[in-house]
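Participant: let's see this in three dimensions:
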Amino acid sequence: MGLWGQPEPSDGEGSRRALVRAHGGRLLLAVALAVVTYLLFPTAPAADAPLYEVGSVAPENVIAPFAFRVPKTADELRAERERVVRESPPVLGYEPSAVDSARAHVRRFGALLEAALGENGGAAAANAVVVQAAGAGVRITPAELAYLRAQPRRRVLLAAVERTLDGALPGGVASSTALGDVRGDVAVGREGGLRVVPTDSVPTLATLLGQARRSQPDPGSEVAEALYVKLLSAFFRASLVPDRAATERRRAEAVAAIDPNRWLVRAGEKIVGAHEVVGREEFDKMRALQSAVADRGMAERSVARGATRVAGALLHNLVLIGVFGVTLLLFRPSLYGSMRVMGLFAVGFVLVLGAAAFVARMPNPRPELIPVALAAVLFSVLFDARISLVAVLLLAILVGSQGPFRGSNALFVVLLGGVAAAAGVRTLRRRTQAYSAMLVVALGYVLSAATLALALGWNLREFGVTAGLGALNAAVSVALALGLLAPAEEFTGIDTYLRLLEWSDLNRPVLQRLSLEAPGTYAHTIAMANLAEAACNAIGANGLLARVGTYYHDIGKLERPNYFVENQAKGRNPHDKLKPSASAAIIRNHVREGLELAEEIKLPKVLRAFITEHHGTGRIVYFYEKAKERGDATSPNAVEYSYPGPTPQSAETAIVMLADGVEASARALSEPTPQKLRELVEHVVRMRIEQGQLRDAPLTLRQLEIAKDQFVRVLLGMHHARIEYPAASGGVTAEFASA
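Facilitator: This next block holds a predicted model:
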């Protein structure tokens, strides 16, 4: 027998063709994936410069073969820019018009008072003054109004206000709020130049008011002092104002002057000596040297050496990918046999490798950002956790062995995050499980961060950053995996628990039609679903698959529901007017019509199997016997009176076949006692075995016994006895008759 249970070709040429068909496409896919990996990591896996982890002991001297620069990380540059911006003093520009504006407001207010009060204004004039002063921003109290009624006093007061402002503003005075958030120095722009002075030395309105209190014109009057301060505050105009454009310009110049490099390593300089502990500085220099070597490219190498390195890198990638293919061939041949499944594995690998290549090109590569959990969750939910674990293991080795990650913690971090995702996310039955999946993967990254922190002496901040980035990666990867699950199911034809749940919705149009147009079939379907699910769960088969498959197994009866006994009213049977062969054709065709309807509603392939297999190749006995009774000249053609099949190919379709016969037969019992139900179940199962309907189903005798027990248990619940309530009180008895 061949690899997939097919006969081996008799000739050598045929054997080679079969081998090419079985493995050729998969080998090409592996080669393509190896090439893509090399394109993503051109220097992998042969690095010209060593890279030793922080805290390790260097086994040899590492000497710089040429001069190179060690760039600052993005975090360092950002922190330095923030520091420069923070330390760059804000600019205050001089506003010469402030003096004229303040003087004009004082004089306008004086004119308003003179016009309203004159030498001795009345009450009406006083009220007008209060209103107009409020409009000018000055709130005058009755006591202050009384003070202003005297013309000499108000003129002296206003003159003092104007004199104070004229004396202070030309020297530069800022508002109190302009310097509220400024600490340190401030740059004051005056006469085309900037002068950096302490913030405390810049006069403000508060400073002006403090000095002015000592020079107010009527020292003995508290009303005069309050009014004097109030008028100064109202008519004050800052002559030093924030110059945002100049401030931003100075800060931009300071940021542009920042050196992007942390160190300049000269040719021949020792980076780390033999038997010395590698510190953070030495590690960063070795990583920069590795990048510099990669940037120099192939120009400094011979063509022959370059070709050898490329071949070695491709072979390295191909061997690791091939190990995964061999694993599938040996332990999951059904997955290996599907090119669509193999294509999905390749897509998952490319997604992770592409993200890893992007991370490797970051100034400070963070392996905890590689979304290996995306592939792990997708593979676990679609296939199983074991295959997902193998895939994660090989992905971690493939990523960790690439040039940018050699000598780093990438292998450990990627492996732990992937294992957590593969082992912690097996099936998704509820939307809330996505959150628990994110939590499990996040805990995997936190564990890896804690391990590295303890081993390498990280501080709390570095541990927190690593764990936080891993947790973020967990949330994004699981969310993306769930988003890609539906198209992945469609592409591979694999139906997950979530997809089956979607098709189990009894509000779908076809099931609604079944309940309305074929109510007897619908009731039979629901009862069958209970039987099949209980039996499948008990024997370790997929109970949900059996239930959902049962929902759709008889949808073909919607074409002619009245031709099936469960939908017929008593005494009305359209088959009475038909020949047995015509009746048998109608009954047999509900399988074909069910498939046509399944195609129309895009029913998944795994559910269509229940339509074709729930009758197997069984005979339509009633009409076959009826044809024999008619005494035709020739015996009836058995094919015309048999279902097209095939016989059940899975445990779930086999259980549904048995549940169909058991449920239908139980309805014929007038008194379904436990003993009768047990005998009925035994009879139905025995008949299906004798007819050869279970020959292809992967069921053991032990599983059949368990299934029979479950059938009896569920049937007893469905046909339980009810007590008779007295008719006198409105109850129903066995002799019930409508009034």
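Participant: the residue most central in space within the chain: what's its closest spatial neighbour, skipping adjacent residues?
Facilitator: Taking C-alpha atoms, centre = their mean as the criterion, residue 479 is the residue nearest the geometric centre of the chain, at 1.5 Å. Distance criterion C-beta to C-beta, 6 or more residues apart in numbering; nearest residue to residue 479, sequence neighbours excluded, is residue 434 at 7.3 Å. No exception for glycine: its C-beta is placed from N, CA and C like everyone else's.
Participant: what distance do you get for that neighbour to residue 22?
Facilitator: The gap separating residue 434 from residue 22 is 38 Å, by C-beta to C-beta, to the nearest Å.
Participant: and residue 584, by the same measure?
Facilitator: From residue 584 to residue 22 the distance is 42 Å (C-beta to C-beta).
Participant: the more surrounded of the two?
Facilitator: residue 584 (25 against 16; other C-beta atoms under 10 Å).
Participant: so which strand or helix has the more buried one?
Facilitator: If you go by DSSP states H and E, residue 584 is part of helix 580-600.
Participant: and the contacts of that helix?
Facilitator: Residues from elsewhere that reach helix 580-600 (C-beta atoms under 8 Å, 6 or more residues apart in numbering): 510, 552-560, 563-564, 575, 578, 607-608, 611-612, 615, 620, 623-624, 626-627, 630, 636, 640-644.
Participant: now which of the residues you listed would you call buried?
Facilitator: Buried subset of the contacts of helix 580-600 (neighbour count, 16 or more other C-beta atoms under 10 Å): 552-560, 563-564, 575, 607-608, 611-612, 615, 620, 623-624, 626-627, 636, 641-643.
Participant: ramachandran coordinates for the residue nearest to the centre of the chain?
Facilitator: phi -60, psi -40 (degrees, to the nearest 10).
Participant: how about the one 5 residues further on?
Facilitator: Reported as degrees, to the nearest 10, the phi and psi values for residue 484 are phi -90, psi -10.
Participant: just give me the neighbour total for the residue lying closest to it once chain neighbours are set aside.
Facilitator: Excluding the flanking residues, the one nearest residue 484 by C-beta to C-beta, 6+ apart is residue 378, at 6.2 Å. Using other C-beta under 10 Å, residue 378 has 27 other residues around it.
Participant: other residues contacting the helix or strand that contains residue 156?
Facilitator: Assigned by DSSP H and E, residue 156 falls within helix 151-168. Applying C-beta under 8 Å, 6+ apart, the external contacts of helix 151-168 come out as 99, 102-103, 106-107, 109-110, 113-114, 117-119, 147-148, 203, 208, 211-212, 215-218, 224, 227-228, 231-232, 235-236.
Participant: among these, name the buried ones.
Facilitator: 99, 102-103, 106, 109-110, 113, 117, 147-148, 203, 208, 212, 216-218, 224, 227-228, 231-232, 235-236.
Participant: take those residues and keep only those in helices.
Facilitator: Residues of the buried ones among the contacts of helix 151-168 located in helices (DSSP state H): 99, 102-103, 106, 109-110, 113, 117, 147-148, 208, 212, 224, 227-228, 231-232, 235.
Participant: which stretches of the stretch 601-739 of the chain form helices?
Facilitator: Per DSSP state H, counting those that start in this stretch, the stretch 601-739 of the chain carries helices over the ranges 605-613, 621-629, 651-666, 674-690, 701-718.
Participant: select, out of these, the one closest to residue 181.
Facilitator: Of all the helices of the stretch 601-739 of the chain, it is helix 605-613 that lies closest to residue 181, at 66.0 Å by C-beta to C-beta.
Participant: which strands border the helix or strand harbouring residue 70, and is each parallel or antiparallel?
Facilitator: Per DSSP H and E, residue 70 falls inside strand 68-71. Applying DSSP bridges, strand 68-71 is found paired with strand 261-265 (antiparallel).
Participant: let's see the partner strand as PDB, backbone CA atoms only.
Facilitator: Extracted in PDB, the C-alpha atoms of strand 261-265 (Å, rounded to 0.1, in the frame of the first residue of the first chain):
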ATOM      1  CA  ASN A 261      26.400  58.000  18.300                       C
ATOM      2  CA  ARG A 262      27.200  56.700  21.700                       C
ATOM      3  CA  TRP A 263      30.800  55.700  21.000                       C
ATOM      4  CA  LEU A 264      33.300  55.800  18.200                       C
ATOM      5  CA  VAL A 265      35.300  52.500  18.100                       C
END
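Participant: and that strand, what's buried?
Facilitator: Under the neighbour-count criterion of 16+ other C-beta under 10 Å, strand 261-265 has 262, 265 buried.
Participant: can you list contacts of that strand?
Facilitator: With C-beta under 8 Å, 6+ apart, strand 261-265 has contacts from 64, 67-72, 76, 271, 281, 284-285, 288-289.
Participant: mind checking which of those are buried?
Facilitator: 64, 68, 70-72, 271, 284-285, 288-289.
Participant: off-centre distance for stretch 371-381?
Facilitator: 11 Å (C-alpha atoms, centre = their mean, to the nearest Å).
Participant: quick revisit: is it true that the residue nearest to residue 484 touches residue 485?
Facilitator: Yes - using C-beta atoms under 8 Å, residue 378 makes contact with residue 485 at a distance of 6.8 Å.
Participant: now do the strands in the stretch 251-400 of the chain.
Facilitator: 261-265, 270-272 (DSSP state E, counting those that start in this stretch).
Participant: any chance of the ones you listed in TSV, plus mean pLDDT and distance to residue 424?
Facilitator: Shown next, in TSV, are these (pLDDT from 0 to 100; distance: least, C-beta to C-beta, whole Å):
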stretch	mean pLDDT	distance to residue 424
strand 261-265	87	40
strand 270-272	85	39
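Participant: hmm, residue 69 is touching residue 285, no?
Facilitator: No - taking contacts as C-beta under 8 Å, residue 69 lies outside contact range of residue 285: 10.1 Å.
Participant: count the neighbours of the residue nearest to residue 436 when sequence neighbours are not counted for me.
Facilitator: In space, residue 436 comes closest to residue 424 once its chain neighbours are excluded; the distance is 8.0 Å by C-beta to C-beta, 6+ apart. By the criterion of other C-beta under 10 Å, residue 424 has 20 neighbours.
Participant: and the residue nearest to residue 484, what's its pLDDT?
Facilitator: For residue 378, the model assigns a pLDDT of 91.
Participant: and what of the one 5 residues further on?
Facilitator: In the prediction, the pLDDT value recorded for residue 383 is 88.
Participant: could you find the closest non-adjacent residue to it?
Facilitator: Counting by C-beta to C-beta, 6+ apart, the residue nearest residue 383 is residue 335, at 6.4 Å.
Participant: contacts only, for that neighbour.
Facilitator: Residue 335 touches 328, 341-342, 383, 387, counting by C-beta under 8 Å, 6+ apart.
Participant: how close does it get to residue 323?
Facilitator: In terms of C-beta to C-beta, residue 335 sits 15 Å off from residue 323.
Participant: brilliant, that's me finished.
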